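**Student:** Quick check, what structure comes out for this input:
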Amino acid sequence: MRNIDLIREVTTAAAGNWPYVLAGLSIDVPDSSRRHAPCPACGGTDRFRFDDNGRGSFICNQCGAGDGLDLIKKVNNCDTTEAAQLAADVLGIDYRAAQTDPAIASQRREQLEADLQQREQERQQQAAEDAEQRRATFARLYAGMRQSVMQGESEYLQSKGLTGFNYPLMPDGSLLLDLVDESGAVTAAQTITPQGEKRLLTGSAKRGAYHAVNAPESPQSVLIAEGLATALSVHQMRPDALTACAIDAGNLLPVAEVMRLKYPQAQIIIAADNDHHEGQANTGKDAAEKAALSVAGWISLPPTDHKADWDDYRQQNGLEVATAAFNDSMYQIQGEAVKPQLQAIEGGKKRRSAESGDIAQMAASQKARLLSSRWDMLAVNPDSGAVYCYESGVWVKLPDSELERVMVAIFDEHEAHYTEKGIKSVVATMKLQIPVIGERRGDLIGFDNGVYDLATQTFSAHSPGNWLMNHNGITYTPPAPGENISTSAPNFTRWLNHATAGDHHKAERIKAALFMVLAKRHDWQLFIEVTGEGGSGKSVFSSIATTLAGEHNAASGSMMTLDTARGRAQFVGKSLIIMPDQTRYVGEGAGIKAITGGDPVEIDGKYEKQFTTVLNAVVMATNNEPMTFTERNGGIARRRVIFPFNNPVSDADKDPDLTAKIRREIPVIIRHLLTTFADQNKARSLLLEQRDSQEALDVKRGTDPVIDMCAALFFMNEPKGMMMGGGTWAGQPEPRTYLYHLYLAFMEYHGLGKPLSVNKFSRAIKSAAKEYRASYLTRSINGRAQTNVGYNEMAEEFIPRAYGVESGQSDD
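**Tutor:** Numbers count the residues shown, from 1 in each chain. Next up is the predicted model:
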C-alpha cells in the first residue's frame, strides 16, 4: 500500500474514533474539550486541550496544534507515515499488503474519500443536533428562572459600593444576568450569588454573547470588560460610552468582533483585568491585547503590581483617581499612548492637612501597637497572614484593607502625612507582634450562646481559647419534658420517612450524615453525595445540613471550584461546602479528594498572598445524575458516601413551606442527634455501611461500565481464570476465553463507545473488584496474563452467540 493511501485510509477509519486510537497507543487525552490536561507530547502541566471534532484535533500552548496523526508524530517523534502505521496497527489495517492493480487502488481511494465525506456530514449533523439540544435546554431553564425573579438591587453589587443598579433577582438573592448575541437574542445567562459565586446557566451559548449595561443611541466609544462589576465601574468612569461585559477573558475577542461589526467607526476599549502574578502569564492582559488587536482597539489596564480589575481599583482608590488612571493607562498593542481629553469626576479624597503630630516620630513598632490597641483581642494566621479579632464567641477575619483604613484614620486623627507603603508597613509589623491563632478543638460544636462539648456532653459559655472561627447561629436549649423526634419534629420525621421509603436503617444513616455536618467531623475523610430524581427531597437534605452548620459557615461551589486555587479561596474558614444541583461531572476529583483527605491545598484569594492550608470542611453534593470519577486508585471510593433519593413527592403532597417548618424544628433535631450519637463512632460506622451498601453500588454501576460488568463476574482465590487478552486480535474475538474481549462485548452490547485500553481496563477492574469486596489477581504464563476472573450466568446476556461456541462456561 502506498504511503499516501495508508494515510488516507487511516484518517478515514479513525474519523470519530480518535480517543480509541490514541488510547490504544497509550496516549492519554482529556475526555472533554472543556478540560485542560498535561500535554502527552511536551509534558506541559496544563493548557493542552483535545477538541477531537472527529479528526483528533488538539491544541497545546507549548507545542502547537494539529490532528490525531500530528499528535502521534509528536509523542513518538516520527514522521507522518510511521504515525499512520502505528494507528493502523490499532485499527487492524493491514498496510503491508501490496496493491498492484491501479484501477482497484483508485476505486479504493474514491471509496475512502466518500466514507470520509459521509462521516464528516454525520459529525456536522450531530454537532448541529447537540447545539439545538443545548439551546432548548437553555431556553427551558432560563424561562423557568425568569418566572421567579423580581427587580431589585443585588447584595453582590452593593457590597462593592455599586448602588442604584436594578437587576432581576432570584428568590435566594442571586442576580440573573442575561447575555445577548449580535441579533439581540438572549443566548446565555449567568447567575451571581450574594457572595459573588458565578455560574453559567446550562446550555448557554456564551461565545460572542454579552450584556450591555447601558444603551446610548450612537456611541462613539465602546468599553468591554470581563465581569459585570468591572463593567459598571468603568461605565461610571466613561458614562458616554456603550459598556458591555463579556463574562470572562476568553470571550473578550468574540465580543470585540461583534462590537466592531455593529459599530464600525467606534473606538473600542478593552477594560482589562490585571491578572498579575510573578512568574506566570497575565491572562487578563493577554486576552485583552488579543481582542484589541483583532479590532484595532485600545487596552486600559489597572496600574497595579498585584491582581486587580478596574472595580477593585475603584474601590481602593475612589472614582476620581480611578477615572484618571483609566484614561492615562490606555494604549494600543503597538505601544502608542493616548490621553483622551476627559474631565475627572468629582468626588475623590479631600486634601489632608500638612501638619504632623507626634505619630510621625514614632517607630513602626509603636505605630503597630497603636493600631492593635483598637481591638480587644487579635491573632494572626502565620500561613495566610490573615488577622482575626475575637467577637461574640468567634474569631472574625479582619481584611488587610480594614486594618489599613483604621491606620489611615489614626494618622488623620494626628493630622499627619502618610503613604500607602508606610501604612502597609505598620500593618505588616503588627502581624509580627500579635499572637498566633490556636487550633480549634474538634469536639466542640459552636452555638450562638455557647459551646457543646462532645467529649463531656456538657454545655458551656464561649471562650477565646476555644478558637472557634464560626458557630451555627442557633441558640442551644435543653430538651423539653417528654420530647421525642417523632412528635416534637413531625415535619422532619415526615420528610425522613418519605426520603427513605420507611427504611429505618437508611433513616439512621441519613441522621449520621447530618451529625457529621453538625459535629464538623471533616476528619472522618468522607463526603456525602445525594443523588436521584428531582423533587425527591435532596434540596431539603442540603437545607437541613446548611442550617445545622450555620448558613454563614456554608459556601456553595462546584466540583470545578474545588479544583482551582482561586475557587477554593471562598471555602477558607467554612465548615460546610455545599454543591447544590451539581451538573454532570466526569473527572478525577482531585480537589474533593485532597480536601476530604485532609491534605493541604493551595489558596489564591484576591488581594491576599497565596498560601497553603487544610480546608476543615464537610463536603456535600446533590445532583440528579451521579458523578462519574475516573480516578482508579481507590481514593474517591474510600471517601464517597452515596445516598440515592428516588422517591419523588407527588404534586398533591408537596409542601412549599416544608423547609421553613423543619428549620423551626432544628433545636429538637440537634438534641436528637446529640443523644443518638453520644458515641460518635456509631455515626461514622453507619456512614461506612452506607458507603458499602448495595444501593450505593447500584448507583456506581450506572456511572462506570467496568463496575457494572463486574456484577456478571466472580473472583477466585488464585489467578486460574480467564486470560486477559489484547486489543489487536487477528481472529474472531473470544469473550469466553479472554477477559478483555468479554469487556468489549459488554461495551458493544450496551452501545457504549470509547472502550478503555487493555492497560487502563486492567487498572479499572482492579479498582472495581474492591467495590464487590473482592481482589483482582493476575499471573504471567508464557508472557501472557491470566486472571482470577470467571463469569456467571448474567454474562450470557451480552456474550455474542455467533461464535460457534456452546453457551455456558467450561469447568476447566
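
**Student:** all contacts plus neighbour counts: C-alpha atoms, from now on.
**Tutor:** OK.

**Student:** Next one: residue 198 from residue 177, what distance?
**Tutor:** 10 Å (CA to CA, to the nearest Å).

**Student:** okay, and the common contacts of those two?
**Tutor:** Common neighbours of residue 198 and residue 177 (criterion: CA atoms under 8 Å, 6 or more residues apart in numbering): 190-192.

**Student:** Return the subset of those residues lying in helices.
**Tutor:** The helices, defined by DSSP state H, take in nothing from these.

**Student:** Just among the residues you listed, which is most surrounded?
**Tutor:** residue 192 (22 neighbours; other CA atoms under 10 Å).

**Student:** Could you measure from that one over to residue 268?
**Tutor:** 27 Å.

**Student:** Next: residue 388.
**Tutor:** Relative to residue 268, residue 388 is positioned 44 Å away (CA to CA).

**Student:** who has more neighbours, these two?
**Tutor:** residue 268 (27 against 20).

**Student:** Show me what stretch 632-646 is in contact with.
**Tutor:** 499-500, 510, 525-533, 536-538, 589, 593, 596, 629, 687-688, 690-691, 695-696, 699, 763-764, 767.

**Student:** Which member of the shared contacts of residue 198 and residue 177 is positioned nearest residue 261?
**Tutor:** residue 190 (24.4 Å; CA to CA).

**Student:** what's the closest residue to that closest one other than its chain neighbours sitting at in phi/psi?
**Tutor:** Nearest residue to residue 190, sequence neighbours excluded (CA to CA, 6 or more residues apart in numbering): residue 200, at 4.4 Å. Backbone torsions of residue 200, given as degrees, to the nearest 10, read phi -80, psi 140.

**Student:** ok, now residue 471?
**Tutor:** phi -140, psi 170.

**Student:** check contacts around it.
**Tutor:** Contacts of residue 471 by CA under 8 Å, 6+ apart are 394, 445-448, 549-550, 553.

**Student:** Inside strands: which ones of those?
**Tutor:** 394, 445-447 (DSSP state E).

**Student:** Now residue 174. Nearest residue, chain neighbours left out?
**Tutor:** Closest to residue 174 by CA to CA, 6+ apart is residue 193, at 4.1 Å.

**Student:** what about the one you found, neighbour count?
**Tutor:** If we define neighbours as other CA under 10 Å, then residue 193 has 19 of them.

**Student:** contacting residues around it?
**Tutor:** 156, 172-175.

**Student:** And residue 25, what's its pLDDT?
**Tutor:** Looking at residue 25, its pLDDT reads 86.

**Student:** who's in contact with it?
**Tutor:** Residue 25 touches 86-87, 90, counting by CA under 8 Å, 6+ apart.

**Student:** Out of the shared contacts of residue 198 and residue 177, the closest to residue 121 would be?
**Tutor:** Nearest member of the shared contacts of residue 198 and residue 177 to residue 121, counting by CA to CA, is residue 190, at 33.1 Å.

**Student:** Okay, and the beta partners of the closest one?
**Tutor:** residue 177, residue 200 (DSSP bridges).

**Student:** and it, how far is that from residue 258?
**Tutor:** 19 Å.

**Student:** which phi and psi does residue 641 have?
**Tutor:** Dihedral angles (degrees, to the nearest 10) for residue 641: phi -110, psi 110.

**Student:** could you measure it against residue 17, distance?
**Tutor:** 35 Å.

**Student:** The closest residue to residue 764 other than its chain neighbours: what secondary structure?
**Tutor:** Among residues not flanking residue 764 along the chain, residue 632 sits closest, at 5.9 Å (CA to CA, 6+ apart). Three-state assignment for residue 632 (DSSP: H, G, I helix; E, B strand; the rest coil): coil.

**Student:** sorry, back to before: between residue 641 and residue 17, which is the more surrounded one?
**Tutor:** With other CA under 10 Å as the criterion, residue 641 and residue 17 differ in neighbour count, and residue 641 comes out ahead with 23 against 19.

**Student:** For residue 211, which non-adjacent residue is spatially closest?
**Tutor:** According to CA to CA, 6+ apart, the nearest residue to residue 211 is residue 179 (4.8 Å).

**Student:** which residues of the stretch 601-750 of the chain fall in helices?
**Tutor:** Under the criterion DSSP state H, counting those that start in this stretch, helices of the stretch 601-750 of the chain are mapped to 635-639, 658-664, 666-676, 680-691, 694-703, 705-709, 739-749.

**Student:** tell me what the fourth one is packed against?
**Tutor:** Under the contact criterion of 3 or more CA pairs under 8 Å, 6 or more residues apart in numbering; DSSP states H and E, helix 680-691 touches helix 504-518, strand 640-645.

**Student:** winner for burial among the ones you listed?
**Tutor:** strand 640-645 (a mean of 24; mean count of other CA atoms under 10 Å).

**Student:** In its sheet, which strands sit next to that strand, and in what direction?
**Tutor:** Here strand 640-645 is paired, per DSSP bridges, with strand 527-532 (parallel).

**Student:** Can you give me the domain boundaries for this structure?
**Tutor:** If you go by automatic domain parsing, the domain ranges for the chain are 3-98, 149-331, 358-433, 485-700, 705-797.

**Student:** before we move on, the earlier item: where does the residue nearest to residue 764 fall, phi/psi-wise?
**Tutor:** According to degrees, to the nearest 10, residue 632 has phi -120, psi 10.

**Student:** any idea how far it lies from residue 767?
**Tutor:** Distance from residue 632 to residue 767, by CA to CA: 6 Å.

**Student:** For those two, work out which one has more neighbours and name it.
**Tutor:** Comparing residue 632 with residue 767 by other CA under 10 Å, the one with more neighbours is residue 767, at 21 against 16.

**Student:** is it true that residue 10 touches residue 88?
**Tutor:** Yes: with contact defined as CA atoms under 8 Å, residue 10 counts as touching residue 88 (6.1 Å).

**Student:** ok, the two, which is more surrounded?
**Tutor:** Higher neighbour count among residue 10 and residue 88: residue 10, with 25 against 21, using other CA under 10 Å.

**Student:** Which element, helix or strand, includes that one?
**Tutor:** Residue 10 is located in helix 3-14, with elements delineated by DSSP states H and E.

**Student:** Give me the helices and strands touching that helix, please.
**Tutor:** Secondary-structure packing of helix 3-14 (3+ CA pairs under 8 Å, 6+ apart): helix 80-91, helix 102-146.

**Student:** And those helices, which one averages the lowest pLDDT?
**Tutor:** Taking the mean pLDDT of these, helix 102-146 comes last: a mean of 73.

**Student:** Next one: the spatially most central residue of the chain from residue 262, what distance?
**Tutor:** Among the residues of the chain, the one closest to the centroid is residue 560, at 1.1 Å (CA atoms, centre = their mean). Residue 560 sits 35 Å away from residue 262 when distances are taken as CA to CA.

**Student:** Nearest to residue 147 among the helices of the stretch 601-750 of the chain would be which one?
**Tutor:** Using CA to CA, the helices of the stretch 601-750 of the chain put helix 658-664 closest to residue 147, at 21.0 Å.

**Student:** how about the closest one: buried residues?
**Tutor:** Judged by neighbour count using 16 or more other CA atoms under 10 Å, the buried positions of helix 658-664 are 659, 662-663.

**Student:** And stretch 212-221, by the same measure?
**Tutor:** Neighbour counts over stretch 212-221 (16+ other CA under 10 Å) mark 212, 221 as buried.

**Student:** ok, the residue nearest to residue 59 when sequence neighbours are not counted - contacts?
**Tutor:** The shortest distance from residue 59 to any residue other than its chain neighbours is 4.1 Å, reached at residue 65 (CA to CA, 6+ apart). Applying CA under 8 Å, 6+ apart, we find residue 65 in contact with 57-59.
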